[in-house]
Structures are given as C-alpha cells and as structure tokens.
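Trainee: Dropping the sequence and predicted coords here.
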Amino acid sequence: MNSMLKRVRLTVLSENSVRAPGLMAEHGLSILVETPQARLLFDTGQGQVLPANAKQLGCSLEYLDAIVLSHGHYDHTGGLAEVLRQPGQPTVYMHPLALKPKYTISSAGRARPIGIPQCCLERLENLGAKLVLTRSPVEVAPGVWLTGEIPRLSSCEDTGGYFFLNEDLSMPDPLLDDQALFARLPDGLLVILGCAHAGTINTLEFVTRFTGTNSVYALVGGMHLAGASEQRIEATLESLERFQVRVLKPCHCTGRAAYCEFRRRLGERAGEFPAGSSIAFGETAATPA
C-alpha cells in the first residue's frame, strides 16, 4: 500500500445525534467519504434519516463510486435499498458473513433479528448490483482500503454485546464480518470504524501492521464501548496514545462513559461526531466544517 491521499472529506449523514436543527437522528451510522478521485458511502444507517439528511446537507447520494458496509447489522445497512435506487451503479463491498442472519436478545428475552433488512437484500439481487465479498484487504477507491477480516488478538476486547447467528440463540456470533476503512494521509493514517466489533485495539494493530505505518493521525466512528469495563477503556486509551492518535471522533456505539474519559484524558484531540459534522483532512491538518 504505497498510495497516499492528499485530501479527503468526511461528512456524517446518519448518527445517534445531530449537530444542527433541520437534521434527524437515529441509532445508526453513515459517513460520506469524498476524495479527489471518488465518492464513497461508508454504511447506510437504518435508512430512516439518510435521504433527508443528505438533502439537507447538500450531499448527493447519486453516482457514488462505492458503498462499503462495515458489517451486517441493520443500523449500518438499512439504507442500502434507498441508496441503490439512486442513479449510478456503485460497487457494494462487504464481508460474505454480513449477508447471514443475525440476532440479539430482546427485552422480553426473545430473539430479535438485527441483520441486513430483507428489502435491502432483495434490492441487491433485483438490481444485479456489483457485489464484492471480501475477507481480505481490498482497495475500494484510489488510496482508500477496506480491512477485510480483522484478527482478534487483544484479550480485553470482545464483540460488545449479545449477538447470535441463529434464532434459538445457541450460536454466538463472533462478528467476523466487522471491517474498517483506512487511508494513508500525509500526517499518518485515517481509520474509519463502523462499530469496531473486532475491537478498536485489534483494528489499529491490524491496519498499522498492514500499512507499515505506526502513526494513526485520525480515528473516527463507532467504538462499541458502551458498557465496557474501565480496564477495557483504559487499554483502548493506551492504544490511542501508542499509535499517536491526534484526531479522535468517537460516535454511535462508543458510549458516554468512554467518550467522557477520552475527552478528559485527550482534551481537544477528542470531539463528538454527530450527523451534520464534516471534517476535511488536507496536506497539513484536519479542518472541521
């Protein structure tokens, strides 16, 4: 991986909170990634707010070059059908296991489906969209890479919840489909997380090994630390310091306790990333908008 992005802009189209009036929030995540060569959509949220927020923000969902799904949960894939209705023929990237049924436990103790909605699967099939199923790192646009399957090496990290592969809840889902986006910037790596079910530490370890770059300039996205132990949050902080993360934008499933600790320890290096946020990485520094 030798290519470097000189410029990239990230705009949050769907997230649990909003930055300004006129936007809508939902439990989910969708980030528009724009480079000089391509426009990518990383995750699609639940789909309830994506089109309206994109219009409000002046971000067209037409003629995207690629749609990248971080994993097969509804709050990251539910907007796929709507995006595929837009003009253009973007390539859709995901891990093959993202297509499998997925469940969690409801408040009543029953199985609750949380996989890719059926309407999205049907839209994929009916349109004959170009689908790339990958377990290995792949360049989804010039200078922008998808991790593929992330090795689980950190003993303190787990998937972050009760997830299962079958309706009788007897087969835990290790969420091997969890992937992240990354790119090399002049100041270091940019890593974009969907939910980090593979673990933030594991993800950073993998990306830095793959790229041969020890400095992670910016880390954004969901870190699935809601309900995490103090020990895991501390280990995550140690990893952020070890990889010299200078811009941290945790959101979605990160959890308030973890965010507050990041803010307390990292100060202005850490900040929120609600829907409507936009940040541009140039040749010298990150510029919020």
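Mentor: Nice, I can see it.
Trainee: pretty sure residue 216 contacts residue 242?
Mentor: No. If you go by C-beta atoms under 8 Å, residue 216 and residue 242 don't touch, sitting 9.4 Å apart. To be clear about C-beta, it is placed using only N, CA and C from the backbone, and glycine gets the same treatment.
Trainee: can you map out the strands along the stretch 151-289 of the chain?
Mentor: Along the stretch 151-289 of the chain, the stretches classed as strands by DSSP state E, counting those that start in this stretch are 180-185, 188-193, 216-222, 247-251, 278-281, 286-288.
Trainee: who wins for proximity to residue 7 among the ones you listed?
Mentor: strand 278-281 (6.9 Å; C-beta to C-beta).
Trainee: Quick one: distance of the closest one to the chain centre.
Mentor: Taking C-alpha atoms, centre = their mean, to the nearest Å, the mean C-alpha location of strand 278-281 is offset from the chain mean by 16 Å.
Trainee: Which residues does that strand contact?
Mentor: The contact list for strand 278-281, computed with C-beta atoms under 8 Å, 6 or more residues apart in numbering, reads 5, 7-12, 57, 185, 187, 190, 217-218, 220, 247, 249, 273, 286-289.
Trainee: so where's the chain uncertain?
Mentor: Low-confidence segments of the chain (pLDDT under 70): 1-2, 283-289.
Trainee: Helices along that one, start to end?
Mentor: 50-56, 74-77, 80-84, 118-127, 200-211, 230-242, 256-266 (DSSP state H).
Trainee: if you compare these, which one is most tucked away?
Mentor: Among the helices of the chain, helix 74-77 has the highest mean neighbour count (mean count of other C-beta atoms under 10 Å), at a mean of 25.
Trainee: Restrict that helix to CA atoms and write it as CSV.
Mentor: C-alpha atoms of helix 74-77 as CSV (Å, rounded to 0.1, in the frame of the first residue of the first chain):
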residue,chain,number,x,y,z
TYR,A,74,-29.5,-3.2,10.3
ASP,A,75,-28.3,0.1,11.8
HIS,A,76,-25.4,0.1,9.3
THR,A,77,-27.2,-1.4,6.3
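Trainee: give me every residue that touches the residue lying farthest from the centre of the chain.
Mentor: What lies farthest from the middle of the chain is residue 108; by C-alpha atoms, centre = their mean that is 29.1 Å. Residues near residue 108 by C-beta under 8 Å, 6+ apart: none.
Trainee: From residue 241, how far out is the spatially closest residue to residue 237 that is not a sequence neighbour?
Mentor: Counting by C-beta to C-beta, 6 or more residues apart in numbering, residue 265 is the residue found nearest to residue 237 once chain neighbours are left out, at 5.9 Å. Distance of residue 265 to residue 241, given as C-beta to C-beta, to the nearest Å: 9 Å.
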